[in-house]
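Enquirer: Pasting the sequence and the predicted coordinates here, then a few questions.
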Amino acid sequence: MNPLIRVIPAFLVRFFAKPYVAGDSLQKAMDVVHGLHRERGLVATLDLLAEDIHTEERAHANRDTYLRMVDAIAASPLSAAARPTLSMKPSSYTIHPMQRGGDARGTREAIFAIVEHARSKGVLTTVDMEGRQWTDYTLRLLQELHAAGHSDVGCVLQTRLDRTERDLDALPKGIRVRVVIGIYREPADVAVTDKVTMKERLLTLSEKLLRRGHYVEFATHDDGYVRRFLDEVVPRVGAGKDRYEVQMLYGVPRDRFLADLRSKGVTARLYVPFALGWDMAIQYLRRRLDEFPAMALLVTKNLFLRR
């Protein structure tokens, strides 16, 4: 991470990035989800910001919060098609994370518990992909989940990693795949650092996934690459609108573009993170600022436009 981002006081990080987090409670997050669908016809995927934990109590609390999230979604008045999905980060359930040389103890049991509860309630889930240290573990976990009958669990692939194209062969058959650049900075010996190359890979990998029968969640804020996906990749493959969707981050100002997608019948989903306390959101917000420094300028501009 950029050292300058690390030294920004937490209160400033919160100020500049607050529009990108749907509050500090599950109820606030559900209110956002309902509002997005009611007012703009958008669906969502809901994520609890709870990384870099240090106590077993927190790990268990994160698991229990996800179980409550499943119940809240199942009780929602939204139709099955409009319900939010759930995104889960493996590091949220262990004090032995892979990025610190751990074995992710407790993660498998927590995710299986959440997935099993979600399946019983008809709620779709996705296991997020974190830094490179988690890649092999996450792919094995997804294979286990699908082998156990949880074929509705989706995954995430990051185009910045050089290994990702090879990892297509390790995916369970027919799994939903969110294709992203990824917000974890990686060394040059395992990843590309050029944004154009990362974005070109979005198109290449999405086409390969569609041809292999996967449902593709094309996730980027670059309007031009979304258009290329829809105008070049989708027709070339012959994929119907039931084979893909476009995803963006909650809070990023793309209202007109998203409305245009919806008018064309394209499913548009926002990634909606929330926290149970702003302290747990700060690390995520710092990564977003590091990956997208213009965020601070955009937020400031939006504040003035609202006045």
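Expert: Good, I have the coordinates.

Enquirer: all helices of this structure, in order?
Expert: Here the chain has its helices, by DSSP state H, at 3-7, 10-17, 26-40, 56-74, 107-121, 135-147, 164-167, 195-211, 223-228, 234-237, 255-263, 278-291, 294-305.

Enquirer: So which of those is nearest residue 81?
Expert: Closest approach to residue 81 among the helices of the chain (Cβ to Cβ): helix 26-40, 10.2 Å. Where you see a C-beta, it was placed from the backbone N, CA and C, and this is true even at glycine.

Enquirer: Work out the gap between that closest one and the centre of the chain.
Expert: Taking Cα atoms, centre = their mean, to the nearest Å, one finds the center of helix 26-40 at 17 Å from the center of the full chain.

Enquirer: Mean pLDDT, mean neighbour count and distance to residue 128 for the helices of the chain - can I get that in TSV?
Expert: Output for the helices of the chain, formatted as TSV (pLDDT from 0 to 100; neighbours: other Cβ atoms under 10 Å; distance: least, Cβ to Cβ, whole Å):
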stretch	mean pLDDT	mean neighbour count	distance to residue 128
helix 3-7	61	10	21
helix 10-17	69	16	19
helix 26-40	96	17	16
helix 56-74	97	18	12
helix 107-121	98	19	11
helix 135-147	98	17	8
helix 164-167	97	15	14
helix 195-211	97	18	17
helix 223-228	98	16	21
helix 234-237	98	14	25
helix 255-263	96	15	22
helix 278-291	68	20	12
helix 294-305	50	13	20
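
Enquirer: To residue 173, which of those lies closest?
Expert: helix 135-147 (7.8 Å).

Enquirer: Give me the helices and strands touching that closest one, please.
Expert: Judged by 3 or more Cβ pairs under 8 Å, 6 or more residues apart in numbering; DSSP states H and E, the packing partners of helix 135-147 are helix 107-121, strand 125-127, strand 154-158.

Enquirer: now the angle between helix 107-121 and it, please.
Expert: Here the directions of helix 135-147 and helix 107-121 differ by 40 degrees (axes from the mean of the first three to the mean of the last three Cα atoms, to 10 degrees).

Enquirer: From the chain's centroid, how far away is helix 135-147?
Expert: Worked out by Cα atoms, centre = their mean, helix 135-147 lies 17 Å from the chain centre.

Enquirer: sorry, back to before: to residue 188, which of the helices of the chain lies closest?
Expert: Across these, the minimum distance to residue 188, taken as Cβ to Cβ, is reached by helix 195-211, at 11.9 Å.

Enquirer: distance between the closest one and the chain's centre?
Expert: Averaging C-alpha positions (Cα atoms, centre = their mean) puts helix 195-211 17 Å from its chain's average.

Enquirer: That helix to strand 154-158, inter-axis angle?
Expert: Going by the same axes, to 10 degrees, helix 195-211 makes 150 degrees with strand 154-158.
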